[in-house]
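Asker: task: produce atomic coordinates for the following.
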Amino acid sequence: MPDPEFILLGDAFWLDFVNTARGRTQRPPDLLPDPAAYHRWSKSEKLPSDVESVPFAEIIAFRRELTRMAQALSAGRQAPASAVAAINHRLAQGTGREQLVRTAGIWRLRFAPLRTAAALDAVAHSAAATLADRAKTVRQCAADPCSLFFVDGSTTQSRRWCSAAVCGGRGRIERRRSLTR
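Answerer: As a prediction, the model looks like this:
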């Protein structure tokens, strides 16, 4: 089976978006070199593509801000104000309304969008949800040379690799080799 075009970890849209400029090699290629690639990425995430309505330079600038936020969060620092401003700017583009929803016998106020969020809006919402959830930690893969980010939502907050099968397996093999030397 051939490698897929994009590495989709399934943790959060925004980190899958950030990871299009990162990889598991020393010098990973930029997976979004043009609007057509962004359109394919949107479709691979099952999101409506907004490449026709958002300038590509704005898409790449948003990815840079989110990358700075992922780097800060994975290092245990606060999200940069410029990244939060960029997320809030994207969230302001959406339309919808507040509504009451009963969940497990408790009324909660939730935002209900009037339309399906386009790709960049879904990415912004995903980043905001991760930033607002204290139970989730953004980490950078511990495998060398992997530079992918992921969300560690585990109860012990001890996840180290973006993929246990790929990078975790590589880490276990390297540890065994160092023990036999």
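
Asker: chain center to stretch 117-128: distance?
Answerer: 10 Å (C-alpha atoms, centre = their mean, to the nearest Å).

Asker: could I get the buried residue list for that stretch?
Answerer: 117, 118, 119, 120, 121, 122, 123, 124, 125, 126, 127, 128 (16 or more other C-beta atoms under 10 Å). Where you see a C-beta, it was placed from the backbone N, CA and C, and this is true even at glycine.

Asker: what do you get for stretch 27-44?
Answerer: For stretch 27-44, using 16+ other C-beta under 10 Å, the buried residues are 28, 31, 32, 37, 38, 39, 40, 41, 42.

Asker: quick check: residue 13 touching residue 123?
Answerer: Yes. Counting by C-beta atoms under 8 Å, residue 123 is a contact partner of residue 13 at 5.0 Å.

Asker: stretch 71-78: which residues count as buried?
Answerer: Within stretch 71-78, the residues that count as buried by 16+ other C-beta under 10 Å are 71, 73, 74.

Asker: what's near enough to touch the last one?
Answerer: Read that as residue 74. Listed by C-beta atoms under 8 Å, 6 or more residues apart in numbering, the contact partners of residue 74 are 138, 139, 140, 149.

Asker: list the residues that contact the closest residue to it other than its chain neighbours.
Answerer: Leaving aside its sequence neighbours, residue 74 sits nearest to residue 140 (C-beta to C-beta, 6 or more residues apart in numbering; 4.5 Å). By C-beta under 8 Å, 6+ apart, the residues touching residue 140 are 70, 71, 74, 147, 148, 149.

Asker: how about stretch 38-55 as CSV, C-alpha atoms only?
Answerer: This file holds the C-alpha atoms of stretch 38-55, laid out as CSV (Å, rounded to 0.1, in the frame of the first residue of the first chain):
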residue,chain,number,x,y,z
TYR,A,38,-4.4,22.6,0.2
HIS,A,39,-7.6,21.6,-1.6
ARG,A,40,-6.5,17.9,-1.5
TRP,A,41,-5.6,18.2,2.2
SER,A,42,-9.0,19.6,3.0
LYS,A,43,-10.7,16.8,1.2
SER,A,44,-8.5,14.2,3.0
GLU,A,45,-9.7,15.6,6.3
LYS,A,46,-13.3,15.5,4.9
LEU,A,47,-13.6,19.3,5.2
PRO,A,48,-15.2,21.6,2.6
SER,A,49,-12.3,23.3,0.8
ASP,A,50,-12.2,27.1,1.1
VAL,A,51,-9.2,27.5,-1.3
GLU,A,52,-11.4,29.6,-3.7
SER,A,53,-12.5,32.1,-1.0
VAL,A,54,-9.3,32.4,1.1
PRO,A,55,-6.0,33.7,-0.4
